[in-house]
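**Student:** Okay, sequence plus prediction incoming.
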Amino acid sequence: MSDQPVPILMYHSVAAAPNEATRALSVAPEAFSEQMALLADLKFTPVTTAGLARSWREGGPLPERPVLITFDDGYEGVHRHALAVLARHGFASTLFVSTGWIRGAHDTGGGLDTMLDWHQVRDLVDAGVEIGGHSHTHPQLDQLPDDALWFELLRCKEIIADQLGARPVSFAYPYGYSSRRVRRIVREAGFGQSLAVGNALARRRQGPYALQRVTVRRTTGVEEFERLVQGRAITRTFARDRALTKGYAMVRRARQVRRKAIRSRV
């Protein structure tokens, strides 16, 4: 079976005037439109997260140049700016929502900028966007004890099912953080696949619960974007990110060890 690498693009906010909390990981509407036009020119075919995982799990065919377009958190600009662009090209995509950040009855007030409401999420569903889970309150899942982790996953799944009439089958880890324990519980919670970050192309051998994505930022120019989707110079582009991630992973592991030691003494 082919282990064809697939670029999975990770977007967050699409906004003309993002706030300071979301600016770095936002994309201007004009830039997003230009990036989608480039994908079309390069003959890429966007697929959903569920579609890619199903193909790799069952050995089904993929289009010649598959790509995934994913959005995290649930910012209102996905509806305001991205939806029409995706529809114009007939592009599939996946939106991973933190259900406690979506405006409505379950809003915990944690959203970092203007968020979608559930009517807008349903518009996206009607347009063919896959809706996946992204936890309830967007914590670092690998830092949570099991009961809190289960709550984040099941509450997210329950709210999406209630609001949209279908359970989500795909998941994305908030901040990209996971661990063997988190991946196991995500699987046991009923999600069929999950996305990390990693800033590398996705491959089947990564396994369905650790598929890697590449980050698209406000500073990502169209030439860099073209290199990313074609898998060129990714290591160099994200060298600083990987160094920071490696250092912070050591800090998080130390925190976990301390928490386990504290719990064992209680």
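**Tutor:** Looks like it arrived, so ask away. Numbering: from 1, shown residues only.
**Student:** Who are the contact partners of T215?
**Tutor:** For T215, the contact set (CB atoms under 8 Å, 6 or more residues apart in numbering) comprises M10, L25, V197, N199, F238, D241. Backbone N, C-alpha and C define where each C-beta goes, glycine included.
**Student:** Identify the farthest-apart pair in those residues.
**Tutor:** Comparing every pair within the contacts of T215 by CB to CB identifies L25 and F238 as the most remote, at 13.7 Å.
**Student:** Let's see if you can find the most crowded of the contacts of T215.
**Tutor:** M10 (24 neighbours; other CB atoms under 10 Å).
**Student:** I'd like the distance between that one and G109.
**Tutor:** Taking CB to CB, to the nearest Å as the measure, M10 falls 25 Å from G109.
**Student:** L42 too?
**Tutor:** 41 Å.
**Student:** Identify each buried residue in the one helix or strand D147 maps to, please.
**Tutor:** Under the criterion of DSSP states H and E, D147 resides in helix 146-164. For helix 146-164, a neighbour-count test (16 or more other CB atoms under 10 Å) marks L149, E152, L153, R155, C156, K157, I159, I160, Q163, L164 as buried.
**Student:** Give me the nearest residue to the third one, chain neighbours excluded.
**Tutor:** Read it as L153. With CB to CB, 6 or more residues apart in numbering as the criterion, L153 has its nearest non-adjacent residue at 4.2 Å, and that residue is A189.
**Student:** For that neighbour, which residues are in contact?
**Tutor:** Applying CB under 8 Å, 6+ apart, one finds that A189 lies in contact with W150, L153, L154, K157.
**Student:** counting contacts, what elements does the helix or strand that the helix holding D147 is followed by pack onto?
**Tutor:** Under the assignment DSSP H and E, the closest C-terminal helix or strand after helix 146-164 is strand 170-172. Helices and strands touching strand 170-172, as assessed by 3 or more CB pairs under 8 Å, 6 or more residues apart in numbering; DSSP states H and E, comprise helix 49-58, strand 94-97, strand 130-133, strand 193-198.
**Student:** Tell me, how many residues neighbour the residue nearest to L25 when sequence neighbours are not counted?
**Tutor:** Beyond its immediate neighbours in the sequence, the residue positioned closest to L25 (CB to CB, 6+ apart) is H12, lying 4.2 Å away. H12 has 25 neighbours, counted by other CB under 10 Å.
**Student:** dump the residue contacts of H138.
**Tutor:** Contact analysis of H138 by CB under 8 Å, 6+ apart lists D73, S98, G100, W101, G110, P174.
**Student:** now do Q4
**Tutor:** Q4 sits next to L62, P66, R203, R204 when contact means CB under 8 Å, 6+ apart.
**Student:** Can you show me the strands along the protein?
**Tutor:** In order along the chain, the chain carries the following strands (DSSP state E): 8-11, 13-14, 26-27, 45-46, 66-73, 94-97, 130-133, 170-172, 193-198, 211-215.
**Student:** and the last one with helix 49-58, angle?
**Tutor:** Put plainly, it is strand 211-215. Using axes from the mean of the first three to the mean of the last three CA atoms, to 10 degrees, the interaxial angle of strand 211-215 with respect to helix 49-58 works out to 140 degrees.
**Student:** Any chance of the helices and strands packed on strand 170-172 in CSV with mean pLDDT and distance to G221 as columns?
**Tutor:** Below are those laid out as CSV (pLDDT from 0 to 100; distance: least, CB to CB, whole Å):
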stretch, mean pLDDT, distance to G221
helix 49-58, 96, 26
strand 94-97, 98, 24
strand 130-133, 98, 28
strand 193-198, 96, 20
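**Student:** Of these, which is nearest E20?
**Tutor:** Going by CB to CB, the one of the helices and strands packed on strand 170-172 nearest E20 is strand 193-198, 21.4 Å.
**Student:** outside of the closest one, which residues touch it?
**Tutor:** Under the contact criterion CB under 8 Å, 6+ apart, strand 193-198 has outside partners 8, 10, 49-50, 52-53, 70, 96, 169-173, 175-176, 178, 183, 186, 208-213, 215, 245.
**Student:** Next, the contact list for C156, please.
**Tutor:** When contacts are taken as CB under 8 Å, 6+ apart, C156 is in contact with V97, S98, T99, G133, H134, S135, H136, P168.
**Student:** quick one: which of those is most hemmed in?
**Tutor:** V97 leads the contacts of C156 on contacts (other CB under 10 Å) with 32 neighbours.
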